[in-house]
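# sequence plus predicted model, see below.
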Amino acid sequence: MTHASRARVAARALCVALVALCGAAYIAPASAQSPRPAPPANPRLDSLRRLYRVPPAPVRPIVVATFLGAPGSSLGSPSVSGVGTGDYFVGAGYQERTRFSDRPDGGVGIGAGLGDPEAGIALESTLSSYSSIRHSFASIGGFSFKLHHRDPQHLMLYAAGVENAISWGGSDAGTSVYGMVGHIFVLRPGDNTSLGVLSGSVGIGSGRFRSQSAVLDHRSTVGVFGGLGVRLVPAVALAADWTGQDLDAGVTITPFPDRGIVGSLGFADLTHSAGNGARFIMSIGYGFNARRDNRRLSPEDLNAVFKSP
């Protein structure tokens, strides 16, 4: 074989080798990128996984409507709940006679809230006109405020306030400072369950929360007050309330829960410890939210702010 023939053979062999190398370089990345087929599933292993799977811990949902619609636990004491930004209320109270007299009397009140009681602390302000039957409207009155917070996760409520921080017209109610705590007990789940919700509150305060003897003796002490309320049916609740001086008891009615209307009927001084016998009392209130977010106000938001001294 001549040198020329050998050169041609070597050139051809070199070309074949280059083509082979290029083809391998092209095919190898493509095969590396393609996923390998998964091995066939093991039915027995999947069954064991399902058999021994641990379910997640149960989560108890907090229904806001149930929390806000809890029965009121006060008829003469302050409410441990309150309103926030955008909430407004108006109402009137009546009693067949005042203490140690046979003359009827009543009062009216309006109020509003500021802040978010669940995110932080909210302020509730109330302007009241006392003795509005025996005297001209707003001739005797007072301005009260309350700071309050509620914890929907644990169904706890907290409040502190001053009744009649500013007063005029010779009101005999006086200024009263108080602090209180409350709790909502869910006895049976469901928004419309009968005997499903129990609310309670307890607090201490000065002024009208003192015992009758302490008031008459002008002793600067503090008194204990509190109440219990149980929802009989969605629209009716029973409440018993110790005001620090006497026992009040009655029913709270919310005939149209979505309309924010709350009424109460009951008797004050059932123990005859702060007067000369039981007295019939009643009140009606209307609350609404200007933000139109369908938030229902609770009977706790509306009770016990329209009572005459």
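Looks like it came in fine.
# so, low pLDDT: which residues of the stretch 101-250 of the chain?
Judged by pLDDT under 70, the stretch 101-250 of the chain has its weakly predicted residues at 191.
# Ala214 belongs to a strand?
No - counting by DSSP: H, G, I helix; E, B strand; the rest coil, Ala214 is located in no strand; its state is helix.
# partners of the lengthiest strand in the chain in the sheet?
What stands out as the longest strand in the chain, according to DSSP state E, is strand 156-168. If you go by DSSP bridges, strand 156-168 pairs up with strand 141-151 (antiparallel), strand 176-186 (antiparallel).
# can you give me how far the last one is from the chain middle?
The one in question is strand 176-186. Distance of strand 176-186 from its chain centroid, counting by Cα atoms, centre = their mean, to the nearest Å, is 12 Å.
# residues of that strand that come out buried?
If you call a residue buried by 16 or more other Cβ atoms under 10 Å, then strand 176-186 has these buried ones: 176, 178, 180, 182-184, 186. Heads up, the C-betas are built off the backbone N, CA and C, glycines and all.
# cool, and stretch 251-264?
Buried-residue list, stretch 251-264, by 16+ other Cβ under 10 Å: 251-252, 254, 257, 260-264.
# related to what we said a few turns ago, name the residues of the longest strand of the chain that are buried.
Buried-residue list, strand 156-168, by 16+ other Cβ under 10 Å: 157-164, 167.
# show me which of those residues is closest to Ile204.
Ala160 (10.4 Å; Cβ to Cβ).
# quick one: residues contacting the residue lying closest to that closest one once chain neighbours are set aside.
In this structure, Ala160 finds its nearest non-sequential neighbour in Gly179, 4.3 Å apart by Cβ to Cβ, 6 or more residues apart in numbering. Contact analysis of Gly179 by Cβ atoms under 8 Å, 6 or more residues apart in numbering lists 159-160, 203-205.
# quick one: which of the residues you listed is nearest Thr85?
Using Cβ to Cβ, the contacts of Gly179 come closest to Thr85 at Ala159, 16.8 Å.
# the strands paired with strand 156-168 into JSON lines, with extra columns for distance to Gly223?
Output for these, formatted as JSON lines (distance: least, Cβ to Cβ, whole Å):
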{"stretch": "strand 141-151", "distance to Gly223": "18"}
{"stretch": "strand 176-186", "distance to Gly223": "9"}
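# select, out of those, the one closest to Arg279.
Per Cβ to Cβ, nearest to Arg279 of the strands paired with strand 156-168: strand 176-186, 19.9 Å.
# in the helix or strand following that closest one, what's buried?
Helices and strands here follow DSSP states H and E; after strand 176-186, the next one along the chain is strand 197-205. Neighbour-count burial for strand 197-205 flags 197-203, 205 (criterion: 16+ other Cβ under 10 Å).
# other SSEs contacting strand 197-205?
Secondary-structure packing of strand 197-205 (3 or more Cβ pairs under 8 Å, 6 or more residues apart in numbering; DSSP states H and E): strand 176-186, strand 223-233.
# that one pairs with which strands, and in what direction?
Partners of strand 197-205 in its sheet, by DSSP bridges: strand 176-186 (antiparallel), strand 223-233 (antiparallel).
# with distance to Ser139 added, can I get those strands in JSON lines?
Putting the strands paired with strand 197-205 into JSON lines (distance: least, Cβ to Cβ, whole Å) gives the following:
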{"stretch": "strand 176-186", "distance to Ser139": "21"}
{"stretch": "strand 223-233", "distance to Ser139": "28"}
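# which stretch among the ones you listed approaches Ser74 most closely?
Ser74 lies closest to strand 223-233 among the strands paired with strand 197-205, at 4.9 Å (Cβ to Cβ).
# and the contacts of that closest one?
70-75, 77, 178, 180, 194-206, 209-211, 214, 237-245, 252, 299.
# for it, what is the distance to the chain centroid?
The answer for strand 223-233 is 16 Å, by Cα atoms, centre = their mean.
# residues of it that come out buried?
Buried-residue list, strand 223-233, by 16+ other Cβ under 10 Å: 223, 225-231.
# contact partners of stretch 205-217?
Contacts to stretch 205-217, defined as Cβ under 8 Å, 6+ apart, come from residues 77, 163, 173-180, 203, 219-225, 243-246, 273-274, 309.
# sorry, back to before: out of the strands paired with strand 197-205, which is closest to Ser128?
Of those, nearest to Ser128 by Cβ to Cβ is strand 176-186, at 12.9 Å.
# pull the CA atoms of that closest one into PDB?
The C-alpha trace of strand 176-186 is given here as PDB (Å, rounded to 0.1, in the frame of the first residue of the first chain):
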ATOM      1  CA  SER A 176     -68.200  54.500  90.200                       C
ATOM      2  CA  VAL A 177     -65.000  52.900  89.100                       C
ATOM      3  CA  TYR A 178     -64.900  49.200  88.300                       C
ATOM      4  CA  GLY A 179     -63.000  46.300  86.700                       C
ATOM      5  CA  MET A 180     -64.400  43.000  85.700                       C
ATOM      6  CA  VAL A 181     -63.800  39.800  83.800                       C
ATOM      7  CA  GLY A 182     -66.200  37.400  82.000                       C
ATOM      8  CA  HIS A 183     -66.300  34.100  80.200                       C
ATOM      9  CA  ILE A 184     -68.500  32.400  77.600                       C
ATOM     10  CA  PHE A 185     -69.100  28.700  78.200                       C
ATOM     11  CA  VAL A 186     -70.200  26.700  75.200                       C
END
